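> Starting from these lines, generate the structure:
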Amino acid sequence: MIIIAAIGLLCAKVGLIDDATNKKLSALLMLLVNPIVIFLSYQRPFDERLLNNLLLSILLGLISFIITVTVSHIVYRNRGGKDKAVERFAAIYPNAGFLGIPLIYGVFGSEGVLYLTGYLTVFFSFMWTHGMIVMSGKRDLAAIKKAVLSPALIAIFAGFAMFMLRIQIPEIIHTPLELIGNMNTPMAMLVAGASIYGTNVVKMLKDKRVYGLCAMRLLILPSLTILALMPFNIPPIVLGTIVVAAASPVAINLILFAHRHGRDHIFASQAFAAATILSMGTIPLLLMFL
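Below you'll find the predicted structure:
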C-alpha cells in the first residue's frame, strides 16, 4: 500500500494525476467503490456470530468516539481568541471510510469490512452532526439530512437488510460488483499519494501544531481506545478492526469542511498529509500491542 501511494505521488509529480483528476477519483471512490465494498461485505450466509460481532462493533465504535470527543474538547479548547475547530475535528474524526476500508480489507478481509460498517455507522452519525457543528459553529440540518442519504449509509442499511433477510444477489451481478470493489485499495492509495504531493512540505515541517495533532490523532487517542477495550473479551478481528479504524489518519473530510466553512484549509491539508504519511508506521505499531 505504501508503494502504491508512492506511485500516486509520482503520478501527480509528472502530471498524470492533476487536482481535477484527483477530485474525480476521490468522488468515484467515496460514491461508488466504497459503498460497493460495504454492501458486498454483507453478502454472506446469515450467521448469528457475525450479527453479534457487528452489533458489538457499533457499541465499541460508540465508546471510541465518546473517548475521542471528550479528550479532544478538553485539549483543544478555544483559548485566547484562538479557534481550535480544525484541530478538534482532525483529532476526533479518522479517515475510517476512505483509508480505513482498504486498510481493513487488506488486513482482515471482507469480514473485517463487515464489522467496520458498525464503526462507520457511528462515525457518519457523529461527523454529520457533532462534526458539522464544530466546523460551522451552528447546526446544519440540511447537511445532516444529506448524510442520511449518503451512498455509504445507504450501502450499510441495504446490505444489513439483505443480510438479515438472507437475500443473496445472483452471481452475474455479484461478480462485476466484486471487480469494482477490488479497485478500492489501489485507487485509495493512489489518491492519497497524489494528495500528499500537493502539500507544502517545508511549511508543514515548520508548523509545530502538526506534530502535536498527529501525536493526538495517531497515537494518544487510539491508545486510549485500546486501553478502554482491552479488559473485555472481544474477538480479535473485531478489536483489530476498531483499532485500525480509530488509528486511521486525519479524515479527508477535514479539508472539505474547512473550505466550506471558511476555516484554515491550508493547515487542514498539512494535517491530512502529515498524518497519512505517519500512519503508515503508527498503525502497524499499535496492532503489535493487541
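> if I look at the most centrally placed residue in the chain, how far off is Leu103?
The residue lying closest to the centre of the chain (C-alpha atoms, centre = their mean) is Ala96, at 1.7 Å. Ala96 is 9 Å from Leu103, where distance means C-beta to C-beta, to the nearest Å. C-beta: built from backbone N, CA, C; applies to glycine.
> List the residues that are in contact with both of those two.
Taking C-beta atoms under 8 Å, 6 or more residues apart in numbering as the criterion, Ala96 and Leu103 both touch Ser248.
> Mind pulling up the pLDDT for the residue nearest to the centre of the chain?
Ala96 carries a pLDDT value of 87.
> The residue nearest to it when sequence neighbours are not counted: how many residues sit nearby?
Spatially, and ignoring its direct neighbours in sequence, Ala96 is nearest to Ala245 (4.4 Å; C-beta to C-beta, 6 or more residues apart in numbering). When neighbours are defined as other C-beta atoms under 10 Å, Ala245 has 31 of them.
> residue contacts, Ala245?
Applying C-beta under 8 Å, 6+ apart, the residues near Ala245 are 61, 64, 94, 96, 100, 104, 116, 119-120, 123.
> go on, Pro35?
Counted by C-beta under 8 Å, 6+ apart, Pro35 has contacts 151-152, 154-155.
> got a pLDDT number for it?
Predicted confidence (pLDDT) for Pro35: 87.
> which stretch of helix or strand covers it?
Assigned by DSSP states H and E, Pro35 falls within helix 34-41.
> do the same with Ile173
helix 171-181.
> what's next to that helix, contact-wise?
Outside helix 171-181, the residues that reach it (C-beta under 8 Å, 6+ apart) are 32-33, 36-37, 39-40, 43, 168-169.
> Name the nearest of those residues relative to Leu221.
Val37 (25.3 Å; C-beta to C-beta).
> list the contacts for that closest one?
101, 105, 113, 181, 184.
> One more: Tyr119?
Taking C-beta under 8 Å, 6+ apart as the test, what Tyr119 contacts is 57-58, 60-61, 64, 96, 100, 241-242, 245-246.
> Which of the residues you listed has the largest number of neighbours?
That'd be Ala245 among the contacts of Tyr119, by other C-beta under 10 Å, with 31 neighbours.
> so how far is Asp264 from it?
The value you get for Ala245 to Asp264, if C-beta to C-beta is used, is 26 Å.
> Over to His73?
His73 is 19 Å from Asp264, by C-beta to C-beta.
> How about Ala228?
For Ala228 relative to Asp264 (C-beta to C-beta), the value is 31 Å.
> Next SSE downstream of the host helix or strand of Ala245?
Ala245 belongs to helix 236-246 when elements are defined using DSSP H and E. As assigned by DSSP H and E, the chain's next helix or strand after helix 236-246 is helix 253-260.
> elements contacting that next one?
Packing partners of helix 253-260 (3 or more C-beta pairs under 8 Å, 6 or more residues apart in numbering; DSSP states H and E): helix 85-92, helix 132-136, helix 265-287.
> what comes up buried for it?
253-255, 257-258 (16 or more other C-beta atoms under 10 Å).
> what's the least confident stretch among the helices and strands packed on helix 253-260?
Minimum mean pLDDT among the helices and strands packed on helix 253-260: helix 132-136, a mean of 82.
> re earlier: what angle sits between the helix holding Ala245 and helix 265-287?
160 degrees (axes from the mean of the first three to the mean of the last three C-alpha atoms, to 10 degrees).
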